[in-house]
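1. Pasted the sequence and its predicted model underneath.
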Amino acid sequence: MTEAETIKLDQFLKFVGAVQSGGDAKVLIQFGEVEVNGETETRRGRKLVDGDRVSVSGQLFVVEFGELEL
């Protein structure tokens, strides 16, 4: 697996619009409000891989890396 096939948890939350800023992500993660694959995750730098399921504020997001076409 390459570095390009992962995304940090806080970056993912911003990308999907679950939070507006990295600071918002940090607070939610530190207070145990985010689950990855059904388990509470408190590390904002947690690297997510394709297929990981992230739950926050009653919303479920699935990590999906699409193929890039050049």
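-> That came in fine, so what should we check first? Numbering: from 1, shown residues only.

2. Find the nearest non-adjacent residue to the residue nearest the centre of the chain, please.
-> Nearest to the geometric centre of the chain sits residue 9, at 3.4 Å (CA atoms, centre = their mean). Leaving aside its sequence neighbours, residue 9 sits nearest to residue 46 (CB to CB, 6 or more residues apart in numbering; 4.3 Å). In this view, the C-beta of every residue, glycine as well, is placed from N, C-alpha and C.

3. Number of residues surrounding the one you found?
-> For residue 46, the neighbour count with other CB atoms under 10 Å is 18.

4. isn't it right next to residue 36, touching?
-> Yes - with contact taken as CB atoms under 8 Å, residue 46 and residue 36 are classed as touching, separated by 6.4 Å.

5. Identify the contacts common to those two.
-> Shared contacts of residue 46 and residue 36 (CB atoms under 8 Å, 6 or more residues apart in numbering): residue 9.

6. how about the strands in the protein?
-> 6-8, 34-36, 39-40, 47-49, 53-56, 59-62 (DSSP state E).

7. Which strands border the second one, and is each parallel or antiparallel?
-> This means strand 34-36. For strand 34-36, the paired strands and their directions (DSSP bridges) are strand 39-40 (antiparallel), strand 53-56 (antiparallel).

8. Same check on the last one?
-> Within its sheet, strand 59-62 is paired with strand 53-56 (antiparallel), according to DSSP bridges.

9. what's the average pLDDT for the partner strand?
-> For strand 53-56, mean pLDDT is 98.

10. Check stretch 17-36 too.
-> Mean pLDDT, stretch 17-36: 96.

11. Need the CA coordinates for the biggest helix by length in the chain. PDB is fine.
-> If you go by DSSP state H, the chain has its longest helix at helix 22-30. Extracted as PDB, the C-alpha positions of helix 22-30 are listed here (Å, rounded to 0.1, in the frame of the first residue of the first chain):
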ATOM      1  CA  GLY A  22      -9.200  21.000  11.200                       C
ATOM      2  CA  GLY A  23      -9.800  22.500  14.700                       C
ATOM      3  CA  ASP A  24     -13.400  21.200  14.600                       C
ATOM      4  CA  ALA A  25     -12.100  17.800  13.600                       C
ATOM      5  CA  LYS A  26      -9.500  17.800  16.400                       C
ATOM      6  CA  VAL A  27     -12.200  18.600  19.000                       C
ATOM      7  CA  LEU A  28     -14.600  15.900  17.800                       C
ATOM      8  CA  ILE A  29     -11.900  13.300  17.700                       C
ATOM      9  CA  GLN A  30     -10.400  14.100  21.100                       C
END
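
12. Nothing else from me, thank you.
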